[in-house]
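Peer 1: Here is my input; please provide its structure:
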Amino acid sequence: MTQAVECAYSDHGGHGGDPEASEALILVHGIGARRSLWNAAIAQLKERYRCISYDLRGHGESPWPGEPFTLDDLVADLEALRVRLGLERMHIVGHSLGGMIGPAYARRYPQRVRSLGLLSTAAFRTADDAARVQALVAAMRAGGVAASLEVLVARWFTEAFGTAQPEAIRQRRQQVLDTNPEVFLNVFEIYAKTEMAAWLPSVSAPTLVLTGEFDGGCPPRLNQQIAAALPHARLVVLEALKHAVLIEAPEQVAQQVMAFLAEVSNPSEATS
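Peer 2: Have a look, this model is predicted:
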């Protein structure tokens, strides 16, 4: 493992503007993104929760020591952030690679986690699934990230959204281009090679598992297996969406997260 880095973060409000009166909700973005990915969802979530979003190492304003890193290093960064913030326990919601960091953290620090949200992530990949994602990494290593960017954009966004919101897609594309290629390929390889199937049953925190109906890399069939493997999980599939649920449908995501966290906070009202 490398030494943990001090990740740049934003602390968004909470109950009555008093962070100490609110439960902490840590929001973890995915490959080549930024903490700003969460802003639209935070607009709703901050009314009830202290929302803390941060840039992964090498992304946005967070430093990169210049060395290759692993999923364990990203977990260590999250723990370092928890310590800096003085949090005893927290909810963690992660998108894509962030949906792997969250349960990996909960596996290592179960006493620190109130609940988890796994958005648009993957486990239980078949041999064909794994081969496809690893082939994409190989293509980017051989030809550069920019050459494969349109393939990624097509996987992330629906055609209808692309037509209606080209500026949102341009901004997401630019985030990738602004990420150091070595960092981008490093995190993409972590995403491609991580397989959570063997250890998900040991993650005891209540978990929301959410994906888009047409997410090719993190499809409902994989998320059904993720939810079934976890001891306490709820599965939600958002209709007619691909991978970029936080950009195309942040209000829907926020509503699902709020409903889930309300059940976690009031288990007597939760449905089985």
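
Peer 1: how about the strands in the chain?
Peer 2: Counting by DSSP state E, one finds strands in the chain at the ranges 9-12, 24-28, 50-54, 90-95, 113-119, 207-212, 233-238.

Peer 1: My understanding was that Thr179 contacts Gly58; is that so?
Peer 2: Yes. Assessed by C-beta atoms under 8 Å, Thr179 is found in contact with Gly58 at 7.1 Å. For the C-beta atoms, the positions are set from N, CA and C on the backbone; glycine is no exception.

Peer 1: check contacts around Glu195.
Peer 2: Counting by C-beta atoms under 8 Å, 6 or more residues apart in numbering, Glu195 makes contact with Ala123, Phe124, Arg125, Ala130.

Peer 1: Of the strands of the chain, give the one that comes closest to Ile226.
Peer 2: Closest approach to Ile226 among those (C-beta to C-beta): strand 207-212, 5.2 Å.

Peer 1: what's that closest one packed up against?
Peer 2: strand 113-119, helix 220-229, strand 233-238, helix 245-248, helix 250-265 (3 or more C-beta pairs under 8 Å, 6 or more residues apart in numbering; DSSP states H and E).

Peer 1: Mean pLDDT for these - can I get that in TSV?
Peer 2: Formatted as TSV, these follow (pLDDT from 0 to 100):
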stretch	mean pLDDT
strand 113-119	98
helix 220-229	98
strand 233-238	98
helix 245-248	98
helix 250-265	96
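
Peer 1: Of those, flag the one that's most buried.
Peer 2: With neighbours defined as mean count of other C-beta atoms under 10 Å, the helices and strands packed on strand 207-212 peak in mean count at strand 113-119, which reaches a mean of 26.

Peer 1: just to revisit the earlier point, select from the contacts of Glu195 the one having the most neighbours.
Peer 2: Ala123 (23 neighbours; other C-beta atoms under 10 Å).
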